[in-house]
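Colleague: Quick one, structure for this:
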Amino acid sequence: MLCERCKKNTANTLIRENVNGVLKEMHLCSSCAKEAGYHDLFNTHPLGFDHILDSFLKDEFKGFLKSGSERERCEGCGMTFEDIAQSGKVGCAKCYQTFKSLLAPSLKRIHGNTQHTGKVPSSAGEMVKKQNEIKRLKEELNQMIAQQNFEEAAKLRDQIRAMESEGEQHA
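Modeller: This is a model prediction of the structure:
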């Protein structure tokens, strides 16, 4: 995708603004993002803090850090939780599983959730898309039950059962 501002370079920065409930997105290249004032958001802070995310994570995880031989290491990259807290970055996807109990509260606070709720890549299999749709329908079913809208709940239940049985037939 090209930068929406210069229309020349590849966009590598997504800026989202939510003003009075209206979400506006801009896809910018590094230089246009820098010109617009969106540069090094996590590395330097305008007030002079070096590595703002780093300092946030150090404060956030201070009580969880272990010393010496007590340190658990990720099987995938060998990082310790202290390494993550100091760098502000996880080393690999396995870090999320290895340090799940330590990372989850902060991820929830920072991102609002610990589970990805965005779009599913087109390269993902139909199975993943179907599982996400079933999960969404089950949440909607629970809402209908809570609202005592049993007619709509029954329709959703039947739709979920049909999708689940269709998946079992293909397995």
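
Colleague: Please pull out the lowest mean pLDDT helix or strand from the chain.
Modeller: Here the helix or strand of the chain ranked lowest by mean pLDDT, DSSP states H and E is helix 52-61, holding a mean of 52.

Colleague: following it, which helix or strand comes up?
Modeller: helix 81-87 (DSSP states H and E).

Colleague: Could I get the pLDDT score of the closest residue to Thr98 other than its chain neighbours?
Modeller: Among residues not flanking Thr98 along the chain, Cys74 sits closest, at 4.5 Å (Cβ to Cβ, 6 or more residues apart in numbering). From N, CA and C alone the C-beta is placed, and that goes for glycine too. pLDDT for Cys74: 88.

Colleague: Phi, psi for the residue nearest to Met1 when sequence neighbours are not counted please.
Modeller: Spatial nearest neighbour of Met1, excluding adjacent residues (Cβ to Cβ, 6+ apart): Ala11 at 4.8 Å. Taking degrees, to the nearest 10, you get phi -70, psi 130 for the backbone angles of Ala11.

Colleague: Just give me the neighbour total for Ala11.
Modeller: 20 (other Cβ atoms under 10 Å).

Colleague: now do Cys95
Modeller: That count, for Cys95 with other Cβ under 10 Å as the rule, works out to 23.

Colleague: Could you do Gln147 as well?
Modeller: So Gln147, with other Cβ under 10 Å, has 10 neighbours.

Colleague: now do the one 3 residues further on
Modeller: Each residue near Phe150 was counted by other Cβ under 10 Å, and the total is 11.

Colleague: I'd like to know how far it sits from Met144.
Modeller: 7 Å (Cβ to Cβ, to the nearest Å).

Colleague: Same question for Lys8.
Modeller: 50 Å.

Colleague: same deal with Ser30?
Modeller: Noted for Ser30: a distance of 46 Å to Met144, by Cβ to Cβ.

Colleague: Give me the more crowded residue out of the two.
Modeller: Comparing Ser30 with Met144 by neighbour count (other Cβ under 10 Å), the higher total belongs to Met144, at 18 against 15.
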